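Enquirer: Just to be clear, the model below is a prediction. Sequence and coordinates:
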Amino acid sequence: MVLVRRTMAGLLRLPGPTVATKAHRINQLTQGVRKGVGSRQDEHRHENLSGSVENILNPAASASRSSSRGSVQYIGQRQYSTRSSGTKAGAPEYSHVIVGAGSAGCVLANRLSENPDNTVFLMEAGPKDHTWTIHMPSAMRYNLAGDKYNWCYHTAPQKHMDDREMYWPRGRVWGGSSSLNAMVYVRGHAMDYDRWEREGAVGWSYADCLPYFRKAQTHELGPDDYRGGEGPLHVCRGKSNNPLNRAFIEAGQQAGYPYTDDMNGYQQEGFGEMDMNIRKGVRWSTANAYLRPALKRGNVRAEVRCVATRILFEGNRAVGLEYLQNGETKQVRAAREVILSGGSINSPQMLMLSGIGDADDLRKLGIPVVQHLPGVGQNLQDHLEAHVQQACTQPVTLYSALSPHRMLMIGVRWFATRTGLGATSHMEAGGFIRSRPGVEHPDVQYHFLPSTINDHGRVAGKQHAYQVHVGPMRPTSRGYLKLRSADPHAHPLLNPNYLSTPQDVLEMRLSIKHTREIFAQKAFDPFRGAEIGPGHSIQSDKDIDAYVRQHSESGYHSSCTCKMGAESDSMAVVDAETRVLGVENLRVVDASIMPSIVSGNLNAPTIMLSEKAADIIKGEPPLPKSTAPVYQPETLDAQR
């Protein structure tokens, strides 16, 4: 494995830009910035990179830059100090200061900079995404398990899961978690967004949100009433043509579930092909889709390895941000707004460190209170998933690709042509079902994989086998996030409170049972071996529940910790315009403001949410509502 990785790294030592080219790019970046461009000594930190794969994959140059800047530092690498009012004299000023160059922040930087009168300062705690392990789709496990581009959070011991501490990888790099995830493009169900509106997010119904899904997207199958055809976010279907993917889709139909030709279109319910954020064999993160095009405009300054430490206020008005970069404390001023896009963990953490949260909790930690908002960090929701694994009697799984020679050949082909097994996440088939009668729309999701992995991808299977990741999509368990201390060095206390309700326990149990039924269908007859996990001995409800407690993992979909809602809602943190309640010039735009978790993966909804928020921030009228219909099952009296 070491030889394979060294060989791949060697293949990527491409020629870097010349000094003259760098100077030209720096000049482009600085043009149009009205105030606070910064010193010339800082200019080397934010050269304007092109969007081509050849230029973004240059680890030799990246390594050189990294060595000169020191290690990536976690949020708030300083001792907590008493808040001073306002910003330092001479602090650079931009119209908008955005914290976090992730799935949301990259979208905002792009859309806000479309107006040449805006100047945008975008800060990212991690480095740029200059590594093949991000851009090669099948290499995603390296960064999910490592800490170079990853916050590597862990939860508190989970009371209802045998006191296990759950691993939560979150992106700390250009593109955020869109640079780490499995590239699965799932929007959720229409009813999720109608529920948002009922929960106080006025103007966020499905009819309001679908136009922004379409605006963001270019689907390789072309536009229709649901798919987009002109957006920066490229979406494709899998190309591996693995017979196990076909078997899974057929088995779902044989078990009595419908087929769907577009899980993100008219009908989510059923089994079919998954959409993926991959373009021409390369991960299409928000850094590729949104940030790189924005950097060409000259009115965006994107800084890396700088972490926000606190929001600066004058009274209750946000006027800027303090941050740490290369061991130096700096400030930047926002003429219009500060926008937090750090995600469901970092955004509420930053609010609390800055004096916005539950007043009693803040006072106990010695943090001066700016605004009492008890909902900050509350309402934490996540998807929990179990693996069901089956041995395969035919050599058609990815196990054959794990030998050093095969991995080297896969890498060489990908570097040369951007095709082959390196050009996919391999999660090309999936499904959405209702767990039981009476459920209005799918509440269980399947990701099928023609291989087996364990421990968050750290451990590959040791035989030919296949598996599904399966779990409930609308958990009723609610958790919270709290500061451990006033020291911003510390990761916050994360308690998702998994499996704390009987409904969540039941739905996990039913997920396992329905999966076994699907794997028992005729379509799998040519491939089916013995069940690996849970295993044949696990049959009773009690034993299945124990398996779930001991082996389930996070779906990496933490959300809802800065809930969007009406001012009358005591748990609301932002209003329907994404403005933080009770203060001025401060917004949160990321997955933390979702009122409740959606029925599927969160990257696509976060991008949609950011597209819609950008129009709100710019003062533009919303896109016209969609009138596209949505599938309804013929009856709710039956589960399928």
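Expert: Cool, got the structure. Numbers count the residues shown, from 1 in each chain.
Enquirer: Find the residue ranges of this protein scoring beneath the pLDDT cut-off.
Expert: Along the chain, segments meeting pLDDT under 70 span 1-87.
Enquirer: for it, which strand is longest?
Expert: Longest strand in the chain, counting residues (DSSP state E): strand 328-340.
Enquirer: C-terminal to that strand, what's the next element?
Expert: Downstream of strand 328-340, the first helix or strand assigned by DSSP states H and E is helix 343-353.
Enquirer: Show me what that next one packs onto, helices and strands only.
Expert: In terms of contacts (3 or more CB pairs under 8 Å, 6 or more residues apart in numbering; DSSP states H and E), helix 343-353 is packed against strand 93-99, strand 306-314, strand 328-340, strand 479-482. (Each C-beta comes from the backbone N, C-alpha and C, glycine too.)
Enquirer: Identify each buried residue in the lengthiest helix in the chain, please.
Expert: Ranked by number of residues, the top helix in the chain under DSSP state H is helix 502-519. Buried positions in helix 502-519, judged by neighbour count with 16 or more other CB atoms under 10 Å: 504-505, 507-512, 514-516, 518-519.
Enquirer: now stretch 439-447, how far from the centre of its chain.
Expert: Its chain's C-alpha centre and that of stretch 439-447 lie 20 Å apart, by CA atoms, centre = their mean, to the nearest Å.
Enquirer: Alpha carbons of that stretch, as CSV, please.
Expert: In CSV, the C-alpha atoms belonging to stretch 439-447 read as follows (Å, rounded to 0.1, in the frame of the first residue of the first chain):
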residue,chain,number,x,y,z
VAL,A,439,-45.8,6.3,7.0
GLU,A,440,-46.5,9.0,4.4
HIS,A,441,-43.2,9.0,2.6
PRO,A,442,-39.9,7.0,2.7
ASP,A,443,-38.2,7.0,6.1
VAL,A,444,-35.5,4.4,5.4
GLN,A,445,-32.6,4.9,3.0
TYR,A,446,-30.2,2.3,1.4
HIS,A,447,-26.7,2.9,0.0
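Enquirer: For that stretch, buried residues please.
Expert: Those buried within stretch 439-447 under the rule 16+ other CB under 10 Å are 439, 441-447.
Enquirer: got it, and stretch 190-197?
Expert: 190-197.
Enquirer: Okay, helices next: where are they in the stretch 351-500 of the chain?
Expert: 359-364, 404-417 (DSSP state H, counting those that start in this stretch).
Enquirer: I'd like the ones you listed written out as TSV, with mean neighbour count and distance to S599 added.
Expert: Putting the helices of the stretch 351-500 of the chain into TSV (neighbours: other CB atoms under 10 Å; distance: least, CB to CB, whole Å) gives the following:
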stretch	mean neighbour count	distance to S599
helix 359-364	15	32
helix 404-417	16	33
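Enquirer: Tell me which of those helices sits nearest to S347.
Expert: helix 359-364 (16.1 Å; CB to CB).
Enquirer: List of residues touching the closest one?
Expert: For helix 359-364, the external contacting residues (CB atoms under 8 Å, 6 or more residues apart in numbering) are 352, 355, 368-369, 372, 374, 482-483.
Enquirer: buried subset of these?
Expert: If we count by 16+ other CB under 10 Å, the contacts of helix 359-364 have these buried: 352, 355, 482-483.
Enquirer: Please render the residues you listed as a markdown table that adds distance to S596 to the earlier fields.
Expert: Formatted as a markdown table, the buried ones among the contacts of helix 359-364 follow (distance: CB to CB, whole Å):
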| residue | distance to S596 |
| --- | --- |
| M352 | 22 |
| G355 | 27 |
| K482 | 20 |
| L483 | 24 |
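Enquirer: Of those residues, which is the nearest to H426?
Expert: After measuring the buried ones among the contacts of helix 359-364 against H426 - CB to CB - the closest member comes out as K482, at 37.3 Å.
Enquirer: Go ahead and confirm that closest one touches Q378.
Expert: No: in this structure K482 lies outside contact range of Q378 using CB atoms under 8 Å: 9.3 Å.
Enquirer: Name the strands paired with the longest strand of the chain and say parallel or antiparallel.
Expert: strand 93-99 (parallel), strand 317-325 (antiparallel), strand 586-588 (parallel) (DSSP bridges).
Enquirer: So which bits of it are buried?
Expert: Buried residues in strand 328-340 (16+ other CB under 10 Å): 330-340.
Enquirer: Same question for stretch 457-467.
Expert: Here stretch 457-467 shows 461, 464-467 as buried, counting by 16+ other CB under 10 Å.
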